[in-house]
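Student: sequence and computational prediction follow.
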Amino acid sequence: MTGFKFPELEQLERIIEQFGDKARTQVIERIHHKGHEFPIHCVTLGSTEPSAPVLAFFGGVHGLEKIGSEVILSYMETISQLLNWDEELLARLEKSRLVFVPLVNPVGIYLGTRCNGNGVDLMRNSPVEGVGATKLYSGQNLTSRLPWYRGDVLNMEKESLALCRVVDQQLFNSPLSIALDLHSGFGIKDRLWFPYASRKIPFPFIAETLVLKELFDRCYPHHIYKIEPMCLEYVISGDLWDYLLDEFIQKFGSDRLFLPLTLEMGSWLWLRKNPSHLFSRHGLFHPLLPHRQHRVLRRHFLLFDFLHRSLLYPGSWAHLAQQQKAKYTKKAQDIWYE
């Protein structure tokens, strides 16, 4: 336990205790800030086989958007109880792996800031340069006193490197993996974004992504998400997922499939219902009213379950014949890039 009050970290440590020997827990980095030590925990459940498909959850990259961390912690709490009796979940975990890093930027979450303790926006911190990224929010190297500061992209921040290590060690080693990074603060609709964020071109697994989207649409025709490439909304530099995807493609080509997704919770809807929350530090990025927070905490479990099932039964979307892949690549270009 910490020697200072940090509710999200305290909750995570309680959940780790509840998991006991059912989970494998590692402190992947320790961040020191103003005399305090902030651990970054990675919690893993399920198969240790390298060939097992992997679903990984990341939250708190932007500390001010702490609702992402809280949703993951709520999901972990549910799983910790299901493991005591749910034989179907136990059977799933024999064939798959779940990875959780709910507090990627613990100092930012603790301080209630978007950046880390060095003033760096971790989602602008990689060496990837955005094509046409000319806006201030695309990432800037002027000063850490302004938001979206990229820092030294050739010597990435400890938190960024810790996230990259988890992906490299836990996801890249699997032939099929999905990463889900939870954020908030854009629009009035929940969005499920996929690469690229740095350029307006299809990424190599666009066909599989479209097939997976259509499968989700058919199974849950009334779902709440707008599913699209992130570049349709804005283009940025330094995106960690673009950086990791490029690394993955360079290492493995199309022999394996890695799908990084970003869940962007539309917090403007919360503001529309309570505009006065705009004057609160967390009001733009976090549901302040308890009933609304509780609703968000359970809102996305259906998506999490679908993604887990899709990894266990990938035949209908992840293993496309060449003709199918060409067909859906063309269809995706018509939908999203024309």
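Tutor: Thanks, I have the structure now. All values reported here derive from a predicted model rather than from experimental measurement. Numbers count the residues shown, from 1 in each chain.

Student: burial check on the closest residue to Cys219 other than its chain neighbours, number of neighbours?
Tutor: In this structure, Cys219 finds its nearest non-sequential neighbour in Phe306, 6.9 Å apart by C-beta to C-beta, 6 or more residues apart in numbering. For every residue, glycine as well, the C-beta is placed using N, CA and C. By the measure other C-beta atoms under 10 Å, the count of residues near Phe306 is 16.

Student: thought Phe306 was touching Asp217?
Tutor: No. In this structure, Phe306 is not within contact of Asp217 by C-beta atoms under 8 Å, at 11.0 Å.

Student: need the contact partners of the helix or strand where the residue nearest to Cys219 lies.
Tutor: Assigned by DSSP states H and E, Phe306 falls within helix 301-312. Helix 301-312 has contacts (C-beta atoms under 8 Å, 6 or more residues apart in numbering) with 53-55, 57, 75, 78, 92, 95-96, 98, 176-178, 180, 192, 212, 215-216, 219-220, 223, 225, 261, 263, 317-318.

Student: so which of the residues you listed are in helices?
Tutor: Among those, DSSP state H puts Tyr75, Thr78, Arg92, Leu212, Leu215, Phe216, Cys219 in helices.

Student: Glu29: which of the residues you listed is nearest?
Tutor: Tyr75 (22.3 Å; C-beta to C-beta).

Student: tell me the mean pLDDT over stretch 94-101?
Tutor: For stretch 94-101, mean pLDDT is 98.

Student: now do the SS call for Ile227.
Tutor: strand (DSSP: H, G, I helix; E, B strand; the rest coil).

Student: chain center to the helix holding Phe306: distance?
Tutor: Centroid separation for helix 301-312 versus its chain: 14 Å, with C-alpha atoms, centre = their mean, to the nearest Å.

Student: mind checking what helix or strand follows it in sequence?
Tutor: Next along the chain after helix 301-312, taking DSSP H and E as the criterion, comes helix 322-332.

Student: hmm, back to that, and the pLDDT for the residue nearest to Cys219?
Tutor: Confidence score, pLDDT, at Phe306: 98.
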